[in-house]
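Chemist: give me a 3D structure for the following:
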Amino acid sequence: DSQAIIDALTGALLRRLGDEVDLIFRYGSQLTGATNRYSDVDLSYVPVHEGTWESITVLVGETLFDLYPMHWSK
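Modeler: Modelled structure (predicted):
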């Protein structure tokens, strides 16, 4: 279940960074319905400070789940 993995990843990020996270969001082909057999699950978060670069990437079965920062300045 992809949602359970997403929940686990976002929970791990919040436990690690807590108040350092302004926003967590999902985007990409999984949301638009334009997936192919190589599609991953794209998650990102906006950290409070520009210097924060914590990321989490896991492979579950054949699906890669990426959670990485995207700063407000970008």
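
Chemist: show the subsequent helix or strand relative to the helix or strand of the chain with the lowest mean pLDDT.
Modeler: Ranked by mean pLDDT, DSSP states H and E, the weakest helix or strand in the chain is helix 29-32, scoring a mean of 87. As assigned by DSSP states H and E, the chain's next helix or strand after helix 29-32 is strand 41-47.

Chemist: which elements pack onto that following strand?
Modeler: Applying 3 or more CB pairs under 8 Å, 6 or more residues apart in numbering; DSSP states H and E, one finds that strand 41-47 makes contact with helix 2-17, strand 21-27, helix 29-32, strand 63-69. Using the backbone N, CA and C atoms, a C-beta is placed for each residue, glycine as well.

Chemist: lowest-confidence stretch among those?
Modeler: Of all these, mean pLDDT reaches its minimum on helix 29-32 (a mean of 87).

Chemist: list the buried residues for that helix?
Modeler: The neighbour-count check on helix 29-32 (16 or more other CB atoms under 10 Å) flags Gln30 as buried.

Chemist: what does that helix contact?
Modeler: 2, 35-36, 39-42 (CB atoms under 8 Å, 6 or more residues apart in numbering).

Chemist: and these, which two are the farthest apart?
Modeler: Greatest spatial distance in the contacts of helix 29-32: Ser2 and Asn36, 15.7 Å, computed using CB to CB.

Chemist: higher neighbour count, those two?
Modeler: Neighbours around Ser2 and Asn36, counted as other CB atoms under 10 Å, are more numerous at Ser2. The numbers are 12 against 6.
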